[in-house]
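K.L.:
this is a predicted model, with the sequence first.
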Amino acid sequence: MDISVLGPFRATLSGVPVHLTAVKPRKVFALLALQAGEVVSVASLVEEVWGEHPPRSVQTTLQTYILQIRNAIGAALGDGTERASLPNGVKSVLVTEPGGYRLDSHGGLLDAHEFDALSSAGHRALHQGDWPGASSYFGRALALWHGRALADVQCGSLLEVEATRLDESRMSVLQRRIEADLRLGRHHELVGELSGLAARHPLHEAVHEQLMLALHRVGRRSDALSVYRQLRRCLNQSLGLDPSPSVEHLHQAVLDSSPRLDLDAAGATGPQLASAK
């Protein structure tokens, strides 16, 4: 079973979608899918679906949802050789375990695991100063995304935590990919992307810092200073805060037209934002 959670939730068996549209069974299925190969306790499933106020019939209702998921898996399996290869049929895919259930993907792919593996490779490349490799790995990781994590699932408390964690990881990887691209001198290509990110994340200092640097490098010093003023205004109005020392250092370097901000001066393998400090 191949599972996608980096965007709308999807599960397929040999390319055949597992169709499950009811809200609460989809929650159960999504939580099992995110932890494929691991036992998910009944208590966790109950918390996800009903929170602190489960019905008195909770055990029976949960078993009904498990049956609905198994029926959907069975429909996707059909009557072909794949079903015949499973000793217990659909129960070999959604396994009952002591105290819970386990989704066995039988070697299928989970896009969140692919994302983590590519991100880790990108971080190793970044640490080694391999900017082209880092940019490539991070770019491949980001290409797995198709919207907010679990975009079409009505997440309960547990799934919301997981979706938020994945979305934060995506933003972190995006920043690292942009960092690698800045080190490669791709500032012209980055201005548009960073401008859009800054508009969507008006309080995200690192994004504005990268945009300021990219604008400075394409000869748009006044625009870089305008980005700083906008960030400062938003931080003051929303949080009562001033920009971080890192942003302030960069602002002063832009004001001074410091040569340390130029790619040639910093060096293709030298520090970028830190060089302004």
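P.N.:
Good, I have the coordinates. Values in this document were obtained by computation on a predicted structure and should not be read as measured data.
K.L.:
other SSEs contacting the biggest helix by length in the chain?
P.N.:
Ranked by number of residues, the top helix in the chain under DSSP state H is helix 157-183. Packing contacts for helix 157-183, counted by 3 or more CB pairs under 8 Å, 6 or more residues apart in numbering; DSSP states H and E, involve helix 23-34, helix 42-50, helix 111-127, helix 131-142, helix 187-200, helix 205-217. Glycine gets a C-beta too; all of them are placed from N, C-alpha and C.
K.L.:
can I get stretch 250-267 in CSV? Just the C-alpha atoms.
P.N.:
Output in CSV follows, covering the C-alpha atoms of stretch 250-267 (Å, rounded to 0.1, in the frame of the first residue of the first chain):
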residue,chain,number,x,y,z
LEU,A,250,21.6,42.6,7.9
HIS,A,251,19.7,45.8,7.8
GLN,A,252,22.7,47.8,8.8
ALA,A,253,24.9,45.9,6.3
VAL,A,254,22.4,46.9,3.5
LEU,A,255,22.4,50.5,4.7
ASP,A,256,26.2,50.5,4.5
SER,A,257,26.2,48.6,1.2
SER,A,258,28.6,46.2,2.9
PRO,A,259,30.7,44.2,0.3
ARG,A,260,30.4,41.3,2.7
LEU,A,261,26.8,40.8,1.4
ASP,A,262,28.0,40.3,-2.2
LEU,A,263,28.3,36.7,-3.3
ASP,A,264,31.8,37.1,-4.8
ALA,A,265,33.0,38.7,-1.5
ALA,A,266,31.4,36.0,0.7
GLY,A,267,32.7,33.2,-1.6
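K.L.:
just to revisit the earlier point, among the helices and strands packed on helix 157-183, which is the most enclosed?
P.N.:
helix 205-217 (a mean of 24; mean count of other CB atoms under 10 Å).
K.L.:
for that one, name the packing helices and strands.
P.N.:
helix 157-183, helix 187-200, helix 221-239, helix 245-255.
K.L.:
make JSON lines from the ones you listed and add mean pLDDT and distance to residue 7 to it.
P.N.:
Output for those, formatted as JSON lines (pLDDT from 0 to 100; distance: least, CB to CB, whole Å):
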{"stretch": "helix 157-183", "mean pLDDT": "97", "distance to residue 7": "10"}
{"stretch": "helix 187-200", "mean pLDDT": "97", "distance to residue 7": "17"}
{"stretch": "helix 221-239", "mean pLDDT": "97", "distance to residue 7": "29"}
{"stretch": "helix 245-255", "mean pLDDT": "96", "distance to residue 7": "32"}
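K.L.:
A strand includes residue 95, no?
P.N.:
Yes. Remark: residue 95 belongs to a strand, assigned using DSSP: H, G, I helix; E, B strand; the rest coil.
K.L.:
list the beta-bridge partners for it.
P.N.:
residue 102 (DSSP bridges).
K.L.:
that one contacts residue 89, doesn't it?
P.N.:
No. Taking CB atoms under 8 Å as the definition, residue 95 is not a contact partner of residue 89, at 11.3 Å.
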